[in-house]
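>>> Fold the stuff below for me.
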Amino acid sequence: MIRHIVLIRFQPAVSPAVIDDLFAELHQIEGKVPGLLSITSGRSESPERIERGYLHGFVADFADWAALEAYQVHPDHKRFGVRLVAHAEGGLDGILVFDLPVQTQGSPT
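Modelled structure (predicted):
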């Protein structure tokens, strides 16, 4: 499984309603990309408070690298990505992406 982790530092003027709308748009891709297992999104609630301005984010789990690639080229993802970059502080500089292969139970080591 591949865990696609995205952290966003939104521009200060971006309202919570716009952020909610962005995440709602993101969730609309669920069921449209084979191998997209789940999406979880929201605002950090970390007690450590070391987000360094990256207060929002999402995690999308994919069956494999091919499923992640299908998501990346999907028109709905491309449209969402343009909106996300437009609202991030500094554009693309306000977004961090980390793709982590995850060992699933029963998988060989």
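
>>> Point out where the protein drops to low pLDDT.
Within the chain, the ranges that satisfy pLDDT under 70 run 106-109.

>>> what about the helices in it?
Secondary structure of the chain (DSSP state H): helices located at 16-27, 65-73, 75-87.

>>> ok, and what's touching the shortest one?
Put plainly, it is helix 65-73. Residues external to helix 65-73 that are found in contact with it (C-beta atoms under 8 Å, 6 or more residues apart in numbering): 2, 4, 29, 33-36, 60, 62, 77, 99. Backbone N, C-alpha and C define where each C-beta goes, glycine included.

>>> and those residues, which of them are in strands?
Under the assignment DSSP state E, these contribute 2, 4, 36, 60, 62, 99 to strands.

>>> Okay, and the beta partners of the last one?
Residue 99 forms beta bridges with residue 4, as assigned by DSSP bridges.

>>> quick thing: my sequence starts at 2, can you match it?
Yep, numbering from 2; the last one is residue 100 now.

>>> Quick one: residues contacting the residue nearest to residue 98 when sequence neighbours are not counted.
Leaving aside its sequence neighbours, residue 98 sits nearest to residue 7 (C-beta to C-beta, 6 or more residues apart in numbering; 5.3 Å). Taking C-beta under 8 Å, 6+ apart as the contact definition, residue 7 lies against 58-61, 96-99.

>>> Compile the residues you listed into CSV and extend it with columns for neighbour count and distance to residue 43.
Below are those laid out as CSV (neighbours: other C-beta atoms under 10 Å; distance: C-beta to C-beta, whole Å):
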residue, neighbour count, distance to residue 43
58, 21, 8
59, 18, 8
60, 16, 10
61, 24, 13
96, 20, 16
97, 14, 16
98, 10, 17
99, 11, 17
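
>>> can you put these in TSV and add distance to residue 73?
Formatted as TSV, the contacts of residue 7 follow (distance: C-beta to C-beta, whole Å):
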residue	distance to residue 73
58	17
59	14
60	15
61	11
96	14
97	16
98	10
99	14
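
>>> between these, which is nearest residue 23?
The shortest gap between residue 23 and any of the contacts of residue 7 belongs to residue 59, at 9.5 Å (C-beta to C-beta).
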